[in-house]
Structure formats: structure tokens, C-alpha cells
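Enquirer: kindly generate the corresponding structure for this input.
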Amino acid sequence: MKHAKEAPQQSPDSAAPLPAQTEKFSKYIVYVDESGDHGMQALDTHYPVFVLAFCVFHKQCYNRSVIPALNEFKFKHFGHNLVVLHEHEIRKEKGEFRFANRPHKQAFLDELTTIIADSRFMLISCVIDKAKLRDKVAETSNPYHLALGFCLETLYELLQEKNQHELQTHIVVECRGKKEDQDLELEFRRICAGNNRLQHGLPFEIIFADKKSNSVGLQLADLVARPIGTHILRPGQPNRAFEVLRHKFYCSGGRSQTGQGYEDWGLKVYPRP
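Expert: Predicted coordinates for the structure are as follows:
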């Protein structure tokens, strides 16, 4: 019987070099939220749009500055950091967000807006005009799926610029319900498999987070979605939140020209006005 050949003895100082480590994950992570109802049967006359917002964070920046800033804000206003910020509850003054008076609410919103302005992230968004879409196609069309395709394609182009497009990027969405999540995951994987405008695979992975998840990224995505829809519906109305977000959108001119060149680039309205 032959014995396996023993490996030659090596001293601890002469160990063979480890193989070069290859990167698997990109330097970015994406948090997603929506504003408005994605159903097509009934239209809210006051808000007949569906908005999908992708907040794209550099992981190092997100971990070192964005998370601490929002936690500090929560400790200051609530005494703990377990409060989950929801735009709807803040706007309607529900739950934890019962303000003593109007100046108190305004001061709270001003401070939160400053945190968003100071937080470094890139924004990709699609607004679906449901009334125009219903006139254009069948009511069976899904605004969420349409917006998702645009945002994923644009995200890939952004990551190409960062030379991160060949690495896996995780995209975090909030759970909405078993059927909705299954439908979304199916559409997500269909788009990433190559059924997209770019006609090739997209190296993205979807993660579903529980609604009670105290994710800073998801809370910021929730806060930015509605101001985008409001701006599209009423562009002449003062909208301080959108003026901050204008400089976050992925745009044609790069970082030196933020605030312009983002329409049909980092922000798409469909059908086009």
C-alpha cells in the first residue's frame, strides 16, 4: 500500500505565500424605499404618483459618519436610538412624533434636513405618473417593477464609473408582504438576469429587511422618497427637502456639477411629461 507523500517541512518564517485575495463585494450598499401606492386600479387624486428611491452609500462613509449622525440625533430628541424614523408618521405627527408646537416641529425637521444634506450618498429615483401610465398601457402594469428596472440599470452605470460594476452589490428593501416580496424578488432576478435596457447581467443581490428593522439607510430612503414625488407633482411649490436632494442625484456632470444634469439621468419620470 502506497503512502501519501508528505509535504516538505517548512519553518514558520518560510511559509508559502497565501494566494492573492480577490474582492467579492463592491464598496457600495444601496437602501431602497418607495412613496405612494403601486396599485393601478385606484388613483389618489392628491398624490397620483409612485416613487422609488435608491440611496447609494459608500460603506466606509456610511459606517463612520452617517450612522453616528442619525444616532446622535435620536439620542438628543428621544433619549434612545430605537425610534424608527418614518416620513408619514413625522408628517402626520403620530406615535413618537407628537410635537409640542409648530416651532418645535420645524426645528426638528430643520435639524433632520441638515443631517440629510451633510450625509454623503448618491440618489437614483424614478417617478411613475400613474394617470398617464394608465392611459398608455393596461392597468395590469406594475409601477414598482417599471421603476425598479430604471433604477437598477442606472445603478449599474453609476457603479461602472466607480469601477465597482463587476463586484456584488447588495440592495436592501423593506418587506411589504409575502406575495409582494415574492413578486418583487422574481422581477428583480429577471432584470438582473439580463432582461434590461443594457441587455446583460447585473451583479446585484436583494435583501429583504423586516419593517421593524432599525436600519439607518432604510430610514433615510423613506425620508427622501416623498419630497421627490411632491416636487414632480407641484414643481412651483417651495420644497426645501428637494432642494437638498437635488445635489444628491446621480448626474451627467459628475461631482463638480451636482444639482444639474440629473433629469433623465439620476431622476426619471415615466411616462415623460
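
Enquirer: where does the stretch 101-250 of the chain have low pLDDT?
Expert: Applying pLDDT under 70 to the stretch 101-250 of the chain picks out residues 138-140.

Enquirer: which residues in it form helices?
Expert: 102-118, 130-136, 143-161, 178-192, 216-233, 240-245 (DSSP state H, counting those that start in this stretch).

Enquirer: adding distance to H58 and mean neighbour count, write those helices out as TSV.
Expert: The C-beta positions use only the backbone N, C-alpha and C, and glycine is treated the same way. Shown next, in TSV, are these (distance: least, C-beta to C-beta, whole Å; neighbours: other C-beta atoms under 10 Å):
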stretch	distance to H58	mean neighbour count
helix 102-118	15	13
helix 130-136	34	16
helix 143-161	11	20
helix 178-192	22	15
helix 216-233	12	22
helix 240-245	18	18
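
Enquirer: looking at the ones you listed, which is nearest to K76?
Expert: For K76, the closest of these is helix 102-118, at 8.3 Å, according to C-beta to C-beta.

Enquirer: now do the closest one against helix 216-233, angle only.
Expert: Compare the direction of helix 102-118 with that of helix 216-233 by axes from the mean of the first three to the mean of the last three C-alpha atoms, to 10 degrees and you get 100 degrees.

Enquirer: wait, R240 sits on T113?
Expert: Yes. Using C-beta atoms under 8 Å, R240 makes contact with T113 at a distance of 6.4 Å.

Enquirer: identify the residues contacting the closest residue to A131 other than its chain neighbours.
Expert: Excluding the flanking residues, the one nearest A131 by C-beta to C-beta, 6 or more residues apart in numbering is P48, at 5.0 Å. When contacts are counted by C-beta atoms under 8 Å, 6 or more residues apart in numbering, P48 touches D129, K130, A131, L233.

Enquirer: of those, which is the nearest to V83?
Expert: L233 (29.0 Å).

Enquirer: surely the closest one and D44 touch.
Expert: No. L233 is not in contact with D44 according to C-beta under 8 Å; the separation is 10.7 Å.

Enquirer: in this protein, which residue is most central in space?
Expert: F54 (2.5 Å; C-alpha atoms, centre = their mean).

Enquirer: who does that residue form a beta bridge with?
Expert: For F54, the beta-bridge partners under DSSP bridges are V32, I124.

Enquirer: and it, what's its pLDDT?
Expert: Note on F54: pLDDT of 98.

Enquirer: one more: S256?
Expert: As predicted, S256 sits at a pLDDT of 74.

Enquirer: number of nearby residues for it?
Expert: The tally of other residues near S256 (other C-beta atoms under 10 Å) stands at 6.
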